[in-house]
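> Show me how the following folds:
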Amino acid sequence: MGLTSLEKIVALQKNTSNIRNICILAHVDHGKTTLADCLIASSGIFSSRLAGKLRYMDSREDEQIRGITMKSSAISLHFTSDGSDYLINLIDSPGHVDFSSEVSTAVRLCDGAVVVVDAVEGVCPQTQAVLRQAWLENIHPVLIINKIDRLIVELKLTPQEIYTHLQKILEQVNAVTGSLFTSKVLEERAEKDTDSQASSDSTSGEQVYDWSAGLEETDDSHLYFSPDQGNVVFASAIDGWGFSVQQFAQLYSKKMGIKAEVLLKTLWGDFYLNAKAKKIMKGAQSKGKKPLFVQLVLENIWSLYEAVVIKRDKDKVEKMVHSLGLTIAARDFRHTDPKVLLSAICSQWLPVSHAVLTMVCTKLPSPLDISAERVEKLMCVGTRRFDSLPDQTQDLKRAFMECKSDDSAPVIVFVSKMFAVDSKTLPQNKQRPLTQEEITQRRELARQRHAEKLVASQGPGNPEQAVTGNTSEAAASTGENRKGKPAIFTSNRNTLCCADPLSKQMETMTLKASTPEKEDKEHFVAFARVYSGVVRRGQRMFVLGPKYDPAVVLNKLPVGCSAADDLPSIPHMACCTLEDLYLLMGRELEQLQEVPSGNVLGIGGLEEFVLKSATLSTSPACPPFTPLNFEATPIVRVAIEPKHPSDMPKLVRGMKLLNQADPCAEVLIQETGEHVLVTAGEVHLQRCLDDLRERFAKIEISASEPIIPFRETIIRPPKMDMVNEDMGKQHKVAVIHQVKEEQSKYCEGFQVDSDGLVILTTSNKLATLGIRAMPLPEEVTWLLEDSSDLIRTMEQFNLNVKEGREALEINQKTLEAIQDLKQKLETHLQGRKWRGAVNHIWTFGPRRYGPNILLNRVEGYQRPSVWQCLDKHTSEVGVYRDFDNSIVSGFQLATLSGPVCEEPLMGVCFIVEKWDMKTPQHLAQTHHQDSVEEETTGDLQEQAEAEASNNYERPPQGAHAQVSPHSNSTAAHYKRKNDMAIADCYGPFSGQLIAAMKDACRHAFQAKPQRLLAAMYTCEIMATAEVLGRVYGVLSRREGRVLQEEMKEGTGMFIIKAVLPVAESFGFADEIRKRTSGLASPQLVFSHWEVISSDPFWVPTTEEEYLHFGEKADSENQTRKYMNAVRKRKGLYVEEKIVEHAEKQRTLGKNK
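Next up is the predicted model:
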């Protein structure tokens, strides 16, 4: 097919039913970009010979060098199938786990996905991840089994073995899809049963739950991949061939005289051809016959490879080419590389582009076929239900489903990411071909310039002669016969007229030369899709942030308002103008005036309004779309600073641009003032640093060593010591002595008992706190970690009730989730120590939603429950209600930075067992007695402050006498003193209480065995048997732990599953590749937090430990190494000797 013009693509954009928005998803190195090259080459954008070598969609230099895709990029292709013209908006996505956020941005804009699987490696971790992402976004996938040539050339399998291998790969992919489907059905079934139990008043007897009931009723046949359904293509993209079963069914139906429908059902499966009866029979495997797929399909391809690549039999190749009716160029026959001839044959016989695009057009839905379930999922942010949205918002569902492109339809656009482009690549800045008039004009300018040069070369000696000569030339050229002054005047006038535009042109050129910085500025283009209406250039639209709530805003805005009206400022909503619309063509952009619904496009001019993603609409009733699902968690942090301090403003601006351009990168400024970049992995970090240096900041920068995140926790006292001996009385006595030594270091007013209860008094002796720390069960820690959004909702509700504001509305689904969280906590917190703990939870921390708990065990203090959103009523406010915030604030500070190395705490419960303090009334009486009797029984400094504040607040004497008598002034004075004492909850005493609470929590934490929690990666490595030992060596050196090792059937590849600390992961992938000569490649994904078993403060105490570790115990303690590294980075005190066993050194100079 020839190159499609822009006008043709614009015309195709208006036919919504023939638009296909698809993305290519796969594991890294499974052949996505090569497949995309084949599809693009079929549209005539470049030669098919370059497919697989050009990597057209990888426009970045580092993508070409590394050979992996790092960003999602789109292109529009024209394809004709069965006489119908289709527009295919193709998005190529990365396969590397570090860039899985780019996959999320691509999947959101598509209606279908092409999942590519390597025929040798099969289903890999990222294959499962992309199938899960496609499932979560409700988009329909089709399957391509790629690199089948490797089975023939590398593994040297027979056609029968290839068939068995392909069957196993299909089973693996369908198993992943089946597990996703099963989990969804069971979840829906459980919800229905919960509702039915809630509606029924009483249930009697034991109920047996049938888990398979929902699965049997639901039809799932359309979800699975099967060649006879037409949703599977077998291909080798690098060799340019691919086919579906339909192609061979139609081919053989003509030759064999069997109906194409019959062949379609029997070509894949346990069927064989009975040559005598000329019938297709079942039971090929049991009867030892070749299946039809082997006999009619695989053997032909296998024999082609054998003739062309393996044996290089020219005669056989010529016979094959002749029998297939192909025309192969003589230079391809003569080429020394057999792959060139193979590609030439296959690209004509079974072009992969035709097979894939035909499958896309027939099996994947158009924008008109969007499901109601997907629309409701997009429109419901968080835990909101669709039926709880306003009526005007629910009416927009029809606009989504109809996908109309008329003016009456509301315009709805979703921006999935912002990407940076160089200003030179924008269509308006590109050099365009000159028209005939512009060429003529430039020719005239050149002639005039030449004439001026001739005038200048004549010299100033005889200007009249020079001018006359010029004039005569001009007169001769125009055919006029004039003489004398009129001719001179005419000539001068002409010279002035043409000199004026020349000077103007020179001025504009100098202006352009003087402002090169503006030309090199990075421009941001929004990667978006139109879901309804027509987007036009210059149109005004609402930009809706993720927290925008149409239910609140619609009451404040006039009915029928638009973005062009003068509206009041609304939180999380802004108005913008769409400056430019672009057609995305891989590396190129083409300018458009309007884009109808159902199309993918680029939008310019939104950098001031959209940070990463946003929803645009002409209707304020439109809700913001559900946030994108990111598989990878940003975990790798580095601190960045410019090499020259004067470049700091450029760095700040560059990091702001990087934050906008990368959907997964995060930019933070820490309390220490460091600029921190958070990325998903090593490769992602390297790309971000390169972008900062070369594109966004354009300065020299220095990055710190990766900042490793840790968490601090406590554990139960261990029963075994470091040499696996039972802890005896000697060790317990040593621990008690150690605790007493530590107590002696602390200030006065601090006590620790043997059970770990810490009693601390504030510096003004007015309050005493008793705090105990306990480790939370592991299940509770992970439950709190996963339920952070629910806890945040509860805390927001409680805060609104406490401050007397309107209570936060929580929908039924969220309330059910909170109730479920409470029940799970009650289930896990069992035993005498945890009795009634769930109802006595004071708050969570850090930041009020973390995985730590503060329990209220203070006698006589009944405060409102954190679960009051479930109870719908508030209990009586206690006496110490005013100082409640101080206790909470101290707890939040303590959990935010622990005592080990100032890292956040995790899995710790602090119990407030004692809280004694003087009441506000007693404080007021004390202040009143001090002012009336003027006795010095109290603290002198407090009395002086009270008197000073009394004098400051007293009104002028004259005015006071006019208002009230002396007795009233005394009463007012007492009232003022009382108010001052009560208001002290926000004064110095509150600060002392916060500090005391924080210190008490830290000391209670230190009274228990302390441990560090390390962030862990799950690591999946594919390796051959020869290099397995080297892989294990690298893992053991880096504190890794192997969980599972299994061999892939039919191959010599092993899959090793291991866990690896994030702290040890830097340089791991490079080391694995070097040690194994590139035969093993790891995939690292953040998994969980894990307790490091060794104690960072451990010293030998028992005789066995002294014998085993020595008196100094100077063998490397891994936990202490991590702790000291973090403390050094934060500038904290590190207890280590700089020089040990120093000896006097003699220099060589003294021996001379």
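> Whichever strand or helix holds F414 pairs with which strands, and in what direction?
Per DSSP states H and E, F414 falls inside strand 412-422. With DSSP bridges as the test, strand 412-422 is paired with strand 522-532 (antiparallel), strand 614-617 (antiparallel).
> Would you quantify the distance from the closest residue in space to E705 that isn't next to it in sequence to I699?
Computed as C-beta to C-beta, 6 or more residues apart in numbering, the closest residue to E705 that is not its neighbour in sequence is V638, at 7.6 Å. In this view, the C-beta of every residue, glycine as well, is placed from N, C-alpha and C. Relative to I699, V638 is positioned 16 Å away (C-beta to C-beta, to the nearest Å).
> circling back: quickly list what the residue nearest to E705 is bridged to.
As for beta bridges, V638 partners with L677 under DSSP bridges.
> what about it, neighbour count?
Neighbour count of V638, defined by other C-beta atoms under 10 Å: 19.
> From L677, how far off is it?
From V638 across to L677, the span is 5 Å (C-beta to C-beta).
> Pull up the overlap in contacts between these two.
Between them, V638 and L677 share these contacting residues under C-beta atoms under 8 Å, 6 or more residues apart in numbering: L685, L689, A703.
> Please identify, among the residues you listed, the one with the most neighbours.
Within those, neighbour counts (other C-beta under 10 Å) peak at L685, which reaches 22 neighbours.
> residue contacts, that residue?
L685 touches V636, V638, L677, T679, P706, counting by C-beta under 8 Å, 6+ apart.
> for the strand or helix carrying it, the distance to its chain's centre please.
For L685, the element it lies in under DSSP H and E is helix 682-691. What separates the centre of helix 682-691 from the centre of its chain is 15 Å, taken as C-alpha atoms, centre = their mean, to the nearest Å.
> Direction included, what does the following helix or strand past it pair against?
The helix or strand immediately downstream of helix 682-691 is strand 701-703, counting by DSSP H and E. If you go by DSSP bridges, strand 701-703 pairs up with strand 636-642 (antiparallel).
> could you check the angle helix 682-691 makes with the partner strand?
Orientation of strand 636-642 against helix 682-691 (axes from the mean of the first three to the mean of the last three C-alpha atoms, to 10 degrees) gives an angle of 20 degrees.
> For strand 636-642, give me every contacting residue.
648, 650-651, 655, 670, 674-682, 684-685, 689, 692, 697, 699-707, 709, 1062.
> For the very next helix or strand once past it, buried residues please.
Sequence-wise, the next helix or strand downstream of strand 636-642 (DSSP H and E) is helix 648-661. By neighbour count with 16 or more other C-beta atoms under 10 Å, helix 648-661 contains the buried residues K650, L651, G654, M655, L657, L658, N659, Q660, A661.
> one step back: buried set for the helix holding L685?
Using 16+ other C-beta under 10 Å as the test for burial, helix 682-691 gives E682, V683, H684, L685, R687, C688, L689, D691.
> Which one of those is nearest to S1081?
Using C-beta to C-beta, V683 comes nearest to S1081 of the buried residues of helix 682-691, at 11.9 Å.
> close enough to count as contact, that closest one and H96?
Yes: in terms of C-beta atoms under 8 Å, V683 counts as a neighbour of H96; the distance is 6.2 Å.
> what residues are shared contacts of those two?
Residues within reach of V683 and of H96 at once, by C-beta under 8 Å, 6+ apart, are I68, M70.
> so what does the strand or helix carrying C869 touch, helix or strand wise?
According to DSSP H and E, C869 maps onto helix 868-871. If contacts are counted by 3 or more C-beta pairs under 8 Å, 6 or more residues apart in numbering; DSSP states H and E, helix 868-871 sits against helix 788-802, helix 812-828.
> can you dump the C-alpha coordinates of it into CSV?
In CSV, the C-alpha atoms belonging to helix 868-871 read as follows (Å, rounded to 0.1, in the frame of the first residue of the first chain):
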residue,chain,number,x,y,z
GLN,A,868,-17.6,6.8,64.6
CYS,A,869,-18.4,6.9,60.8
LEU,A,870,-19.8,3.4,61.4
ASP,A,871,-21.6,4.3,64.6
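> List the buried residues for whatever helix or strand comes next after it?
Note on helix 868-871: by DSSP H and E, the next helix or strand toward the C-terminus is helix 884-896. For helix 884-896, the neighbour count (16+ other C-beta under 10 Å) marks D884, S886, I887, V888, S889, G890, F891, Q892, L893, A894, T895, L896 as buried.
> ok, the following helix or strand past helix 884-896: who's next to it in the sheet?
Moving toward the C-terminus from helix 884-896, the first helix or strand encountered (DSSP H and E) is strand 908-917. Using DSSP bridges, the strands paired with strand 908-917 are strand 767-775 (antiparallel), strand 852-856 (parallel).
> What are the buried residues along strand 908-917?
For strand 908-917, by 16+ other C-beta under 10 Å, it's V908, C909, F910, I911, V912, E913, K914, W915, M917.
> swap in stretch 416-432?
S416, K417, M418, F419, A420, V421, L426.
> which stretches of the stretch 251-400 of the chain have low pLDDT?
By pLDDT under 70, the weakly predicted segments of the stretch 251-400 of the chain are 382-384.
> Could you measure from the nearest residue to Q160 once chain neighbours are set aside over to K259?
Here the nearest residue to Q160 in space, its sequence neighbours aside, is V294; by C-beta to C-beta, 6+ apart that works out to 5.6 Å. Here the criterion is C-beta to C-beta. By it, V294 lies 21 Å from K259.
> With neighbour numbers in mind, choose between the two.
When V294 and K259 are compared for neighbours, V294 comes out ahead with 20 against 11, by other C-beta under 10 Å.
> for that one, phi and psi?
Here is the backbone geometry of V294 (degrees, to the nearest 10): phi -70, psi -50.
> is it true that it touches Y163?
Yes: using C-beta under 8 Å, V294 is in contact with Y163, at 5.0 Å.
> Show me what the host helix or strand of F844 packs onto, helices and strands only.
Under the criterion of DSSP H and E, F844 resides in strand 841-845. Strand 841-845 is packed against helix 788-802, strand 852-856, helix 884-896, with contacts defined by 3+ C-beta pairs under 8 Å, 6+ apart.
> avg pLDDT for the helix holding C869?
Averaged across helix 868-871, pLDDT comes to 78.
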